[in-house]
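how would this look folded up:
(2 chains)
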Amino acid sequence: MKRTAAHPAARDSIACGLAWISPWLIGFAVFVAVPIVLSGALSFCEFDGIRRPVFIGLEHWRGLFADPLVWKVLRNTAVYAALALPIGTGLGVALALLLNQPIPGQTLWRSIVFAPSLLPLVAVGIIWTWMFNARFGLINSALGLVGISGPTWLNDASWAMPSVVILGLWSIGHTVVVYLAGLQDVPRELYEASHLDGAGPWSRLWHVTLPMISPAMFFNIVIGLIFVWQIFAAPYVMFPGGGPERNAYFYTMYVYDQAFAYRRFGYACALSWVQLAIILALTAVAFRSSRHWVHYRGA
Amino acid sequence: MFHTSIGRVLRVLAVSALAIPAVGLVLFGPRAVSSVPADRTVVVYWEKWTDFEGRAMRDLVAHYNETEGRRASIYVDYVTTTGIDLKTLIATSGGDPPDLAGLWQRNVVSFAASDASEALDDRAARSGITRDMLIPIFDHACRYHGRLYAVPVTPATIALYYNRDILAEFAEPLRNAGLDPEAAPRTLAELDAFADIVHRRDRDGKLEMMAYLPASPDTIGWFWNSWPIWFGGRLFDPAEGRFRVDTPPFLDAYAWVQAYTARFGRKDVLNFEGSLSNYSSPRNPFMTGELAMMRQGPWFANTIRQFAPDIRYGVAPFPTVDGRERAFCEQDVLVIPRGARHADEAWAFIEWLYTAEPVRVQSRYGGAGLGYDHCEIRTATGVERHPMPPLRPIEWICWMHCKNTPLREPSPAFLETHPNPAIEVHDRLARGPEAQIVPPLPNWTELNAEFGAAYRDIWMTDVPARKRLEALQVRLDVLTQQAKRRQARYGQEYP
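Residues are numbered from 1 along each chain as shown, chains lettered A, B, ... in the order given. Next comes the predicted model:
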């Protein structure tokens, strides 16, 4: 079959569209595409940022599997992801359901939940360093009121990870906003129909609300997955060097240290590609699983 | 038709609303103001200092620009730069470095080994800045494989600062234990004895004051890993070419650190440590009386003057295992990055710092509570205020920072009028045979991170110190081998 030539008007339209987005295209090429390709090439080189890169083949790639710190930061990041993502999702949905109720000061409560997510992450790290202060911190003071002697959050190897997970919930506001938007979109007639069928509140939540906001949940989980596997700023501030037993040393912190503290840019590039592969694989799993639990209206 | 016309008008109005302010901004908006004289060569000088240390250097640079710089048609443009080592490196890598960079001594070898800074031997020889001018440890710290890659600006040695008022509070029990409350401990055993007596707990039994904390003011600073020095060891032996953390000075030092925590209860000590404010704060634990002793450099005198000028304090060499004086030294240095456009002019400024006649620098600022236009001289009858004496530029900046001199033969006025009452202690330590520096290794930052992780584990957990050091030894050996391979690829030896 012969392909028909595009109509001149359509060609003009494409050319015009490309011209309008050309600043973005150029920016993407120069600041994203080229660095991605270069980082791939540098992962096979020794490069300290000053001297010319020296090709070393697969040495970095072999080395990273033999590097015990890689396994340590991978484990830490996986544990963090396994804790932060489900807790964040559950809490986000719960808060959205609460904030969706017709309660007095609804807008104020929504603003209060959303506001913390506007703070820069470094500032959040500094604030939480004081929140977790063992003697004067708000958290231990609150625990003290109910007779609990709080732990030394930042200096205790077993409490370092929970501290970061709790800190991560601070910026839950933007996910709550997405869930709230999803909740506004649930048709009332579904609730009415289920009510007539005798469904109770839990049943309505399970069989109506959650399926109807599952696209929003899916969106938040994918974005959250990418975010938790790149956690960096706040723990870097709170746990210089990774904290006790390096239990708060995460993958991106290690990549940053290798590149900018130790100037092993080639090795950092190899590490980054592994990180990209992990995130891509997990995102692919999330997409594949979405067929079974994400419900699109009209689909 | 009518709607189309309205739409067009609205679009024109919208575009005009954006375009008119933009054009106005371009035509009549603010213009960059430059105080740099057009007829001079501009030396871009990146420096890390802020606050009163930064202001002092700015004043010295301004003095240069108004005197020698005017004569030589050079203008030094002082730019305060945070994260200076990384930014200098990135700028050098990009081919647009500053002409002069104020780094730390621990950067010297890593910059030199990767060809990021210029060798300065020839320039120094032409200017008459010779090895003989400098205190050996400070000269040694600026060299890599025998070549000079940096010049000292403000050096420092670590000593013990102690609060005389707090020790006086505990005078009786200290005397009963055979200790002198007027003097600092000389040995680590004495320091332990002081610590056993000089501490206080609140009603709940929580620590609220301690004599000393091995992690203060921060668990990890550039001098925290000097512990083996106080136990008679050398941090790094170049002849061996690798760290030996399984040797007695390391094992003893880290076991002592761990035992110190255990003695007061690890959780209590960590709670106490976690509650302390950071160094650069009026709530610095030495200022608040939460710590009676701190391991610090000479700059601490300025900090005390700034935050708690009424504290009565003394300074002594840090206690050692056998009472012998030992020292850990660091310094701020100047380097000329590879590819600097005005390297000759940058060197001219360095040459002036070292060889100019004594100067009287007019300062526009008061610093750290002490006006920069006068000095206080301690006499038998008290403290007298005098106009600040003329000093060589390099000494002037050290004086302002309350730090040691790098010069082998300082001018008498430098020591006599120095604002740090214990400058003789710091100066003596630098000249002693037991003075050491951060190991001059190209991969020191990476090795230091490993030391930091080990130190935190020993300090914060109950993993036996020996076991943790064995693991550290394995890790250091691996990293050392990797560094050797990296250097070999560029035809260089490690270290």
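
could you say which helix or strand holds the residue of the stretch 301-450 of chain B found nearest chain A?
Nearest residue of the stretch 301-450 of chain B to chain A (C-beta to the nearest C-beta) works out as residue B:446 at 4.3 Å. For every residue, glycine as well, the C-beta is placed using N, CA and C. Secondary structure assigned from DSSP states H and E places residue B:446 in helix B:444-460.

what is the mean pLDDT for that helix?
The predicted model gives helix B:444-460 an average pLDDT of 90.

from chain A, how far off is residue B:276?
With distances taken as C-beta to the nearest C-beta, to the nearest Å, residue B:276 is found 9 Å from chain A.

surely that residue meets residue B:290?
Yes - using C-beta atoms under 8 Å, residue B:276 makes contact with residue B:290 at a distance of 6.3 Å.

quick check, pLDDT for the closest residue to residue B:340 other than its chain neighbours.
Among residues not flanking residue B:340 along the chain, residue B:99 sits closest, at 4.4 Å (C-beta to C-beta, 6 or more residues apart in numbering or on different chains). pLDDT recorded at residue B:99 is 98.

same check, this time on residue B:52
81.

check which helix or strand residue A:27 maps to.
Using DSSP H and E, residue A:27 falls in helix A:8-28.

dump stretch B:270-284 to CSV, restricted to CA.
Provided in CSV are the C-alpha atoms of stretch B:270-284 (Å, rounded to 0.1, in the frame of the first residue of the first chain):
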residue,chain,number,x,y,z
LEU,B,270,24.2,10.0,73.0
ASN,B,271,21.1,11.8,74.4
PHE,B,272,23.4,14.5,75.8
GLU,B,273,25.4,14.8,72.6
GLY,B,274,22.2,15.0,70.5
SER,B,275,21.0,17.9,72.6
LEU,B,276,24.1,20.0,72.0
SER,B,277,23.9,22.9,69.6
ASN,B,278,26.3,23.2,66.8
TYR,B,279,29.7,24.9,66.9
SER,B,280,28.9,28.2,65.2
SER,B,281,26.2,29.2,67.6
PRO,B,282,25.8,31.2,70.8
ARG,B,283,24.5,27.9,72.2
ASN,B,284,27.9,26.3,71.6
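
burial count for residue A:151?
By the other C-beta atoms under 10 Å in any protein chain shown criterion, the neighbourhood of residue A:151 contains 20 residues.

same question but for residue A:252, I mixed them up
19.

which residues touch the closest residue to it other than its chain neighbours?
Distances taken as C-beta to C-beta, 6+ apart place residue A:232 nearest to residue A:252, at 4.2 Å, with adjacent residues excluded. Residue A:232 makes contact with A:121, A:250, A:252-253, A:256, according to C-beta atoms under 8 Å, 6 or more residues apart in numbering or on different chains.

the next helix or strand after the helix holding residue B:446 vs helix B:444-460, what angle?
Next helix or strand after helix B:444-460 toward the C-terminus (DSSP H and E): helix B:465-489. For helix B:465-489 against helix B:444-460, the angle between stretch directions is 170 degrees (axes from the mean of the first three to the mean of the last three C-alpha atoms, to 10 degrees).

distance from helix B:465-489 to the middle of the chain?
Distance of helix B:465-489 from its chain centroid, counting by C-alpha atoms, centre = their mean, to the nearest Å, is 26 Å.

which parts of chain A sit against chain B?
Residues of chain A that fall close to chain B, judged by C-beta under 8 Å from any C-beta of the partner chain: A:46, A:48-51, A:54, A:56, A:63, A:68, A:133-136, A:152-157, A:240-246, A:257, A:260-264.

among these, name the buried ones.
Burial by neighbour count, judged by 16 or more other C-beta atoms under 10 Å in any protein chain shown, picks out A:46, A:48-51, A:56, A:63, A:133-135, A:152-157, A:240-246, A:257, A:260-264 from those.

so which of those sit within strands?
Of those, the ones assigned to strands by DSSP state E are residue A:46.

of all the residues in the stretch 101-250 of chain A, which one is nearest chain B?
residue A:135 (3.5 Å).

ok, that residue - contacts?
So, once contact is read as C-beta under 8 Å, 6+ apart, residue A:135 ends up touching B:206, B:271-272, B:274-275.

what's the closest of those to residue B:258?
residue B:272 (16.2 Å; C-beta to C-beta).
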